[in-house]
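**Student:** No letters, just coordinates:
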């Protein structure tokens, strides 16, 4: 299964989760198979937030992502992602490797209405 995590400029397992899903400079795409990381890709966010013609969700769909893990998610993004069939999980702003490890161990919470905020503190 492919997991997308919004990340700072460089992306990757050593990068930090970006604070705003749609405005993340990059998305780190982690392919987890059998509870092991099999592949890591970094895609630039070239969505409509940065002058492109697609939404961040379109970018993730093109990369066959099924899970999004992020620290903050607005209600509109949450609705769109949910309607497209993404599983959504909440994490703190921490290193991507730690986030993926926590996902594999089953230690992450699913997003809910209470966790939907672009204005939450870091």
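**Tutor:** Received, thanks. From a predicted model like this one, the values you see are computed outputs, not experimental measurements.
**Student:** buried stuff in the helix or strand of the chain with the lowest mean pLDDT?
**Tutor:** When the helices and strands of the chain are compared on mean pLDDT, DSSP states H and E, helix 75-83 comes out lowest with a mean of 88. Of the residues in helix 75-83, those with enough neighbours to count as buried (16 or more other CB atoms under 10 Å) are 77, 78, 80, 81. From N, CA and C alone the C-beta is placed, and that goes for glycine too.
**Student:** what do you get for stretch 66-75?
**Tutor:** By neighbour count, and taking 16+ other CB under 10 Å as the criterion, the buried residues in stretch 66-75 are 67, 68, 69, 70, 71, 72, 73.
**Student:** what's the answer for stretch 31-40, then?
**Tutor:** Going by 16+ other CB under 10 Å, stretch 31-40 has these buried residues: 32, 40.
**Student:** residues in contact with that stretch?
**Tutor:** For stretch 31-40, contacts defined as CB atoms under 8 Å, 6 or more residues apart in numbering pick out 1, 2, 3, 12, 13, 28, 29, 30, 41, 100, 103, 104.
**Student:** what sits against the second one?
**Tutor:** Put plainly, it is residue 2. Contact analysis of residue 2 by CB under 8 Å, 6+ apart lists 29, 30, 31, 32, 63, 64, 65, 66, 67.
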